[in-house]
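Trainee: Provided below for reference: sequence and predicted model.
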Amino acid sequence: MVRKRDFPWRRWLSITLRSLHLVGVVLAGVAIFGNGTFSVAGVVLMLLTGFSLYGIELWHHLDFWREAAGVFIAVKLIMLLAMLLIPNIAVPLFWLLLISSSVVSHAPWVFRHRRIFG
């Protein structure tokens, strides 16, 4: 049984947050690959927008945390936090996050929404 709720402007809020999330990705990438330094601002922006998007998705779709996509987002947020706490591993984590996010977000619906828990 799919349990969902909604609120006005949820879609537009998500689009805005996703756009800001991509700004964070670009800021982190430019800093890392442009001048070789780590960008705290880009990662913090990704964390803030990521948590916001995850919260909206969890509120909208109550069982999202049980599905592959929901678990993956939680893992991504932990990896972003690791980038802040252990900057020496920021570059490989950046690539891992970028590539795995692309794969999972474009994976078939049956993969993304497969229940892992419960």
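Mentor: Structure's in. What do you need? Residues are numbered from 1 along each chain as shown.
Trainee: contacts, neighbours, all on C-alpha from now
Mentor: Fine.
Trainee: neighbours of Leu62, just the number please.
Mentor: Neighbouring residues of Leu62 were enumerated by other Cα atoms under 10 Å; the total is 13.
Trainee: Oh, that last question was meant for Leu17, not what I typed.
Mentor: Using other Cα under 10 Å, Leu17 has 19 other residues around it.
Trainee: what sits against it?
Mentor: Leu17 sits next to 49, 52-53 when contact means Cα atoms under 8 Å, 6 or more residues apart in numbering.
Trainee: so can I have a markdown table of these showing neighbour count, secondary structure and distance to Arg5?
Mentor: Rendered in a markdown table, the data for these read as follows (neighbours: other Cα atoms under 10 Å; DSSP: H, G, I helix; E, B strand; the rest coil; distance: Cα to Cα, whole Å):
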| residue | neighbour count | secondary structure | distance to Arg5 |
| --- | --- | --- | --- |
| Thr49 | 21 | helix | 21 |
| Ser52 | 16 | helix | 16 |
| Leu53 | 20 | helix | 15 |
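Trainee: Go through those and name the one nearest Ser105.
Mentor: In terms of Cα to Cα, no member of these lies closer to Ser105 than Leu53, at 14.0 Å.
Trainee: Now do the spatially closest residue to Arg10 that is not a sequence neighbour against Asn35, distance only.
Mentor: Here the nearest residue to Arg10 in space, its sequence neighbours aside, is Ile56; by Cα to Cα, 6 or more residues apart in numbering that works out to 7.8 Å. For Ile56, the distance to Asn35 (Cα to Cα, to the nearest Å) stands at 35 Å.
Trainee: Settle it for me: which of those two has more neighbours?
Mentor: For Ile56 and Asn35, the more surrounded residue by other Cα under 10 Å is Ile56, and the numbers stand at 17 against 9.
Trainee: tell me which element that one is part of?
Mentor: If you go by DSSP states H and E, Ile56 is part of helix 40-60.
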